[in-house]
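Trainee: Predicted model and sequence follow; I will ask about them next.
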Amino acid sequence: MRLHVVDACRAVEAVLCALADEIAAEVQRSKVAPPHRANPTDPVGRDLALLAARDEADPARWHYNLGTRSAVRAAEWLLARLDDEAGPCRPLNGAQRERITRIAREAARRVERTIGIEQRREFPMSRPCPWCGAALTMHRGGSDASAVTCANGADCGAPVLVVEGRRTWAAPHELASLETALEAAAHREKRAAARRRQRAAAQGRSTAA
């Protein structure tokens, strides 16, 4: 395997494991603590020790220092949290879901670019961004679905995520909302142009009179 591919995979692994660490610190409950002193004759202590052992071995628990930490393990655990699977965790809030989705998407694109399977093409769009007026670009091809980006980045007020420095419409509902906004902007522009022509015609008649 080429060295730059190995480096990219290691970097992605570090990013995903760090993200899992952060999310676990926020939503995963503390481990069940075993008894301080083992007492074979204490049934409550035995039950508590068994419960602690099971909690420690729970596959739904993220372990910060486990030797088998990997990108795959981190991705599986994060996906389970997004899917609200059972486990020793509170449900994610909106900000946490957005963070996981954004970082995972960026990590996947980095790997795709590195190994050369992302054969995407860019097509400048004729209509500007309805929110800020900057240029829009359509991205097609490769393994990702079609997407549209705004060149104005975080300065654009569009209600979508900033990915790699650009506002990005990627999900089907995002692309649909963009098309609706573009049509509305075009309609407003037509009405404004019609009003300008009416004013110009009125001024012309006034001058002629």
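Mentor: Okay, I see it.
Trainee: For this structure, which segments count as strands?
Mentor: Under the criterion DSSP state E, strands of the chain are mapped to 120-124, 136-141, 147-150, 162-163, 166-169.
Trainee: which residues are contacting the shortest one?
Mentor: Translated: strand 162-163. 102, 105, 106, 149, 153, 154, 168, 170 (Cβ atoms under 8 Å, 6 or more residues apart in numbering). Backbone N, C-alpha and C define where each C-beta goes, glycine included.
Trainee: how close does the nearest residue to residue 19 once chain neighbours are set aside get to residue 12?
Mentor: Nearest residue to residue 19, sequence neighbours excluded (Cβ to Cβ, 6 or more residues apart in numbering): residue 103, at 5.3 Å. In this view, residue 103 and residue 12 are 10 Å apart by Cβ to Cβ, to the nearest Å.
Trainee: what do you get for residue 137?
Mentor: From residue 137 to residue 12 the distance is 25 Å (Cβ to Cβ).
Trainee: for residue 87, same thing?
Mentor: Residue 87 is 24 Å from residue 12, by Cβ to Cβ.
Trainee: neighbour-wise, which of the two wins?
Mentor: Taking neighbours as other Cβ atoms under 10 Å, residue 87 and residue 12 compare with residue 12 leading, 21 against 17.
Trainee: Tell me who's in contact with that one.
Mentor: Residue 12 touches 71, 107, 110, 111, counting by Cβ under 8 Å, 6+ apart.
Trainee: Can you get me a residue count around the closest residue to the first one other than its chain neighbours?
Mentor: If the residues on either side of it in the chain are set aside, residue 71 comes closest to residue 13, at 3.9 Å by Cβ to Cβ, 6+ apart. When counting by other Cβ under 10 Å, one arrives at 18 neighbours for residue 13.
Trainee: For residue 13, give me its contacts.
Mentor: If you count contacts by Cβ under 8 Å, 6+ apart, then residue 13 has 70, 71, 74 around it.
Trainee: By neighbours, which of the residues you listed wins?
Mentor: residue 74 leads these on contacts (other Cβ under 10 Å) with 25 neighbours.
Trainee: the helices in this structure, which residues?
Mentor: 3-27, 43-57, 71-82, 94-115, 172-208 (DSSP state H).
Trainee: quick one: buried residues of the shortest one?
Mentor: Under the neighbour-count criterion of 16 or more other Cβ atoms under 10 Å, helix 71-82 has 71, 73, 74, 75, 77, 78, 80, 81 buried.
Trainee: From residue 194, how far off is residue 188?
Mentor: Distance from residue 188 to residue 194, by Cβ to Cβ: 11 Å.
Trainee: Dump the contacts of residue 13 to a markdown table, plus distance to residue 54.
Mentor: Converted to a markdown table, the contacts of residue 13 look like this (distance: Cβ to Cβ, whole Å):
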| residue | distance to residue 54 |
| --- | --- |
| 70 | 23 |
| 71 | 27 |
| 74 | 23 |
